[in-house]
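Student: I'd like to go over a predicted model; first the sequence, then the structure.
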Amino acid sequence: MNRIQSIRVAAGIRQIELAEHIGWAQSRVSNYETGQRVPGLDDARTLVRALNRLGAQCTLDDVFPSDDAEAA
């Protein structure tokens, strides 16, 4: 699972704001947050860059932890 929503909310970023910043539809961000879709590496990097530009301080590993990190 990813942590897009929790990081976005903690930074005070609205879903529509994130989507518009990237140039995506809000539904695409929503689908990634709920796990209905899984972003590829390029889209994951795009999300992390956008989150950081909008005020979050996170890395790719923060947003998309490995299965090993989630089990710990």
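Tutor: That came through fine.
Student: What residues of the longest helix along the chain count as buried?
Tutor: Looking only at the chain and at elements set by DSSP state H, the helix with the highest residue count is helix 41-53. When neighbours are counted by 16 or more other C-beta atoms under 10 Å, the buried residues of helix 41-53 are found to be 44, 46-48, 50-51. Quick note: C-beta positions are derived from backbone N, CA and C, even for glycine.
Student: which among the residues you listed gets closest to residue 9?
Tutor: For residue 9, the nearest member of those is residue 51. The distance, counting by C-beta to C-beta, is 11.0 Å.
Student: In JSON lines: the buried residues of helix 41-53, plus distance to residue 5 and pLDDT.
Tutor: As requested, the buried residues of helix 41-53 are exported to JSON lines (distance: C-beta to C-beta, whole Å; pLDDT from 0 to 100):
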{"residue": "44", "distance to residue 5": "14", "pLDDT": "98"}
{"residue": "46", "distance to residue 5": "16", "pLDDT": "98"}
{"residue": "47", "distance to residue 5": "11", "pLDDT": "98"}
{"residue": "48", "distance to residue 5": "14", "pLDDT": "98"}
{"residue": "50", "distance to residue 5": "14", "pLDDT": "98"}
{"residue": "51", "distance to residue 5": "11", "pLDDT": "98"}
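Student: Lowest average confidence across helices and strands of the protein, where is it?
Tutor: Across the helices and strands of the chain, the lowest-confidence element by mean pLDDT, DSSP states H and E is helix 67-71, at a mean of 61.
Student: any low-confidence regions in this structure?
Tutor: Counting by pLDDT under 70, the chain has low-confidence residues at 68-72.
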